[in-house]
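[1] Quick check, what structure comes out for this input:
(2 chains)
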2 protein chains.
Amino acid sequence: MGDSPRFALFEMQTFTSADIAGMELLARVQFATSLPGAKPISLIGTTDRDGQTNLAPFSSVVHLGSSPCLLGMISRPDLVERHTLANLTEMRAWTINHLHPEILDAAHQCSAKYPKDVSEFDATGLTIHNHPGFPAPFVQESRFRIGLELEDVIPIPINGTRLIVGRVVLVQVAEEFLMPHGGIDLVGLECLASTALDTYFKLQPLARLSHSKPDAITRRL
Amino acid sequence: MGDSPRFALFEMQTFTSADIAGMELLARVQFATSLPGAKPISLIGTTDRDGQTNLAPFSSVVHLGSSPCLLGMISRPDLVERHTLANLTEMRAWTINHLHPEILDAAHQCSAKYPKDVSEFDATGLTIHNHPGFPAPFVQESRFRIGLELEDVIPIPINGTRLIVGRVVLVQVAEEFLMPHGGIDLVGLECLASTALDTYFKLQPLARLSHSKPDAITRRL
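    Here you go, the predicted structure:
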């Protein structure tokens, strides 16, 4: 009697705005930061004009455009001192340094609230890699790093966050992980994903799919 | 002689802005869309006021805040017809439907340029799930879905993209994957990550790390 379901069915639980607002603070933050699904995770490197370096993990890096090549990231409200935002506004440059399992613990440790005169490089043992003429520090242990110049800081009025917009001016990647079609092999690089405040994943290959057209069925490449 | 490196060293290749600008179009797009690292991937569900539904894959969903609970996503310039942007501006509501491997091919097929009068639900066989009183369609086969109300559409002047800001008003998730600390078990849900234009990953558990403090070492939980 009746169709059998095409997929396994799960008992779904529904949360309303009121349910979410009623959660205990830490649980609400863990829940809310789980909603995007898999998030990127990388270390953002900056310096102030006196050469005081800073590293901070961000999981909000997003593609904005390919021509020119632009990336964005979200900065939280500067109710407290935000070293990354202050530094990149001052120097108009920052770096994105992708992680792999060997540097995960050091990267996570960079989220601790160190005073401005303590560099997370010193605190965690990660090594500064400077590129000639580029005014922000890279992480030498990273296998995939990006240098950006500041283009814009766009206010998000509803909650005081900001979208930081940068133009990619330098990419350094372990050359064996460049793919023939132009993409970068995140599995080979052991690039990580994250969710919530504290949870990290490795990536496992699943599929590369053909360009979709209305009159053709998706194929696996 | 000299210190031995703490980590395996790789031969790094450096790309400048000029190198990137000189890439062939498709290779440049594959390269640029690889730069964020692991990206989320979900299907965005919308409808117009006549009930014409639309589904489109997005890999730019980002956490904006936990209180209120806000998510953002990037819409490309509307030089061509953008059904998602037009619908969510009209109805001020949309859904995020996370993927799992069984619905990946159908989800990817939704990126084909169907005319506005063809619903991607019909074209791919995915099933509409309506929630009483919520004016955008969910994907029934998804195990983790979110309903949002439009708060803002923020222009990103440098390339004509937009940051769409939404308030989370409904979350539906398979209840066995809610975790005691408030987070959501993306591995149990078989939630996916993506990179470039066409590449998808499964998530493999790596670590959950303790809250970082300057005077304490990161621990694995």
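
[2] From now on I want contacts and neighbour counts done on CA atoms only, so please keep to that.
    Noted.

[3] The helix or strand hosting residue A:164 near chain B anywhere?
    Using DSSP states H and E, residue A:164 maps to strand A:161-174. Yes - Strand A:161-174 reaches chain B (C-alpha under 8 Å from any C-alpha of the partner chain) through A:161, A:168, A:169, A:170, A:171, A:172, A:173, A:174.

[4] Of the residues you listed, which is the most crowded?
    Neighbour counts for the residues of strand A:161-174 next to chain B, by other C-alpha atoms under 10 Å in any protein chain shown, peak at residue A:168, which reaches 26 neighbours.

[5] May I have the predicted confidence score for that residue?
    We have a pLDDT of 98 for residue A:168.

[6] Also residue A:77?
    So, for residue A:77, pLDDT stands at 81.

[7] OK, contacts around it?
    Counting by C-alpha atoms under 8 Å, 6 or more residues apart in numbering or on different chains, residue A:77 touches A:159, A:160, A:161, A:162.

[8] returning to that earlier point: neighbouring strands of the strand holding residue A:164 in the sheet, and parallel or not?
    Applying DSSP bridges, strand A:161-174 is found paired with strand A:69-75 (antiparallel), strand A:144-156 (antiparallel), strand B:12-16 (antiparallel).

[9] Could you check the following helix or strand past it against chain B for contacts?
    As assigned by DSSP H and E, the chain's next helix or strand after strand A:161-174 is strand A:192-195. Yes - between strand A:192-195 and chain B, judged by C-alpha under 8 Å from any C-alpha, the touching residues are A:192, A:193, A:195.

[10] Next: stretch A:31-41.
    Yes - judged by C-alpha under 8 Å from any C-alpha, stretch A:31-41 and chain B are in contact via A:31, A:32, A:33, A:34, A:35, A:36, A:37, A:38, A:39, A:40, A:41.

[11] so what's residue A:98 up against?
    The neighbourhood of residue A:98, defined by C-alpha under 8 Å, 6+ apart, consists of A:41, A:42, A:43, A:142, A:143, A:144, A:145, A:191, A:192, B:37.

[12] Check residue A:145 too.
    Neighbouring residues of residue A:145 by C-alpha under 8 Å, 6+ apart: A:95, A:96, A:97, A:98, A:138, A:139, A:171, A:172, A:173.

[13] How many residues are close by the nearest residue to residue A:181 once chain neighbours are set aside?
    Distance criterion C-alpha to C-alpha, 6 or more residues apart in numbering or on different chains; nearest residue to residue A:181, sequence neighbours excluded, is residue B:27 at 5.7 Å. Counted by other C-alpha under 10 Å, the residues lying close to residue B:27 total 18.

[14] and the angle from the one helix or strand residue B:27 maps to to strand A:69-75?
    In this structure, residue B:27 is located in helix B:25-32 according to DSSP H and E. Angle, helix B:25-32 to strand A:69-75, by axes from the mean of the first three to the mean of the last three C-alpha atoms, to 10 degrees: 20 degrees.

[15] Remind me what helix B:25-32 packs against, helices and strands.
    Counting contacts by 3 or more C-alpha pairs under 8 Å, 6 or more residues apart in numbering or on different chains; DSSP states H and E, helix B:25-32 packs against strand A:62-66.

[16] State the mean pLDDT of the strand it packs on.
    97.

[17] contacts for that strand?
    By C-alpha under 8 Å, 6+ apart, strand A:62-66 touches A:70-73, B:28-29, B:32-33, B:35-36, B:39, B:60, B:62, B:74, B:159, B:161.

[18] again, but for stretch A:132-144
    Applying C-alpha under 8 Å, 6+ apart, the external contacts of stretch A:132-144 come out as A:45-47, A:53, A:91, A:93-100, A:103, A:126-131, A:145, A:147, A:171-174, A:189, B:7, B:10, B:12.

[19] What's the PyMOL line that selects buried ones from the residues you listed?
    To isolate the buried ones among those in PyMOL, judged by 16 or more other C-alpha atoms under 10 Å in any protein chain shown, type:
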select buried, (chain A and resi 45+46+47+53+91+93+94+95+96+97+98+99+100+103+126+128+145+147+171+172+173+174+189) or (chain B and resi 12)
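
[20] Residues in contact with the helix holding residue B:27: which ones?
    With contacts defined as C-alpha under 8 Å, 6+ apart, helix B:25-32 is touched by A:63, A:65, A:66, A:69, A:181, A:182, A:183, A:184, B:20, B:21, B:196, B:197.

[21] ok, 7 Å please
    Helix B:25-32 is touched from outside by A:66, A:69, A:181, A:182, A:183, A:184, B:20, B:196, B:197, with contacts defined as C-alpha atoms under 7 Å, 6 or more residues apart in numbering or on different chains.

[22] Mind putting those into CSV with neighbour count?
    CSV is the format used below for the contacts of helix B:25-32 (neighbours: other C-alpha atoms under 10 Å in any protein chain shown):
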residue, neighbour count
A:66, 21
A:69, 23
A:181, 12
A:182, 20
A:183, 24
A:184, 26
B:20, 23
B:196, 26
B:197, 20
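
[23] and which of the residues you listed is nearest to residue B:122?
    Taking C-alpha to C-alpha as the measure, residue B:122 lies nearest residue B:197 of the contacts of helix B:25-32, at 23.4 Å.
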